[in-house]
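okay, predicted coordinates and the sequence, questions at the end:
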Amino acid sequence: VEPLAEPLLAEAAQAADEGPSHSEHPLASYVLHVNGADRPVTDVWIGESLLYVLRERLGLAGAKDGCSQGECGACSVQVDGRLVASCLVPAATAAGSEVRTVEGLATGGQPSDVQRALARCGAVQCGFCVPGLAMTVHDLLEGNHAPTDQETRQAISGNLCRCSGYRGVLDAVREVVAGREAAEDTEAEADEGHDAHQDPARIPHQTGPHGITGNGSVNGSGSGRASA
């Protein structure tokens, strides 16, 4: 190396060790509302994706990084009720929005009916794609309570699965729909039975002309006839 080049190489090495300046890669702090709870994110690169922040900053590893291009569906989450590819969403833009991940589908620590059906119907094998599929099926059933097979196929067309295929997903959707309809019918029957056992309405007997009550009796007497 020529003597004059040594100082320049030393400065370049020092700059590489120090890393990029904040002016080139500004930091940001914000709060994400994830699965019903506020999760602060502080002093992070403003360009980090929602997927990266969920996994690496907040420890929510359900969403997977399959392609980083929004093509495989493994990173699917809901933002304000809309299904999105979290690898394409800058996390800072989701501040103030309601973010729902696969971890938020469970109720009381128990898997949702969709998650249980996917497991029972054999849609889960390696487990990499199924969190995104679960989010997609939940999103589908929130807007369409009884989708046809064709509508289900269209909904999951953006979710790639290399293990089990998609037959188990179709079976799971049918199972969830049937289960929810049966639960609604049972609840409706229970409501009807409850209404049928209610006490009949009581009609008050008001005093009519000349002291005759509504049941034909004279007010104050039990004869049931009015005196002439």
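Arrived safely, thanks for sending. Numbers count the residues shown, from 1 in each chain.

below-threshold pLDDT in the chain: ranges please.
Within the chain, the segments meeting pLDDT under 70 span 1-23, 194-228.

hey, where'd the strands end up in it?
27-34, 37-45, 76-79, 82-85, 98-100 (DSSP state E).

from those strands, which stretch is densest packed?
A comparison of those by mean neighbour count, using mean count of other CB atoms under 10 Å, puts strand 76-79 on top with a mean of 24. Glycine gets a C-beta too; all of them are placed from N, C-alpha and C.

who touches that strand?
Strand 76-79 is touched from outside by 50, 54, 63, 83-86, 89, 94, 97-102, 131-132, 135-136, 138-139, 159, with contacts defined as CB atoms under 8 Å, 6 or more residues apart in numbering.

contact partners of stretch 88-105?
28, 30-36, 41, 44, 46-54, 60, 62-63, 69-70, 77-81, 111-112, 114-115, 131-132, 134-135, 138.

what about the closest residue to Val130 other than its chain neighbours, neighbour count?
Distance criterion CB to CB, 6 or more residues apart in numbering; nearest residue to Val130, sequence neighbours excluded, is Val124 at 4.9 Å. A count of nearby residues for Val124, using other CB atoms under 10 Å, gives 21.

Val124: what's it in contact with?
Leu118, Val130, Ser164, Gly168.

could you report the neighbour count for Ala146?
So Ala146, with other CB under 10 Å, has 12 neighbours.

what's the separation between it and Ser76?
Ala146 sits 22 Å away from Ser76, taking CB to CB, to the nearest Å as the criterion.

likewise for Thr42?
26 Å.

now the helices for the chain?
Secondary structure of the chain (DSSP state H): helices at 5-18, 50-52, 113-120, 130-143, 149-155, 167-196.

not counting sequence-adjacent ones, nearest residue to Asp149?
Spatial nearest neighbour of Asp149, excluding adjacent residues (CB to CB, 6+ apart): Leu170 at 5.7 Å.

isn't that neighbour up against Gln154?
No - the pair Leu170 and Gln154 fails to qualify as a contact (CB atoms under 8 Å) at a distance of 11.7 Å.

coming back round to it: dump the strands of the chain into JSON lines; add distance to Arg174 as well.
Formatted as JSON lines, those follow (distance: least, CB to CB, whole Å):
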{"stretch": "strand 27-34", "distance to Arg174": "31"}
{"stretch": "strand 37-45", "distance to Arg174": "33"}
{"stretch": "strand 76-79", "distance to Arg174": "21"}
{"stretch": "strand 82-85", "distance to Arg174": "21"}
{"stretch": "strand 98-100", "distance to Arg174": "24"}
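
which one of the ones you listed lies nearest to Val177?
Val177 lies closest, by CB to CB, to one member of those: strand 82-85, at 18.8 Å.

still on that earlier bit, and the gap between the residue nearest to Val130 and Val77?
Here the distance between Val124 and Val77 works out to 19 Å (CB to CB).

please apply the same query to Gln115.
To Val77, Gln115 is 15 Å away according to CB to CB.

equivalent analysis for Ser112, please.
Distance, Ser112 to Val77, using CB to CB: 15 Å.
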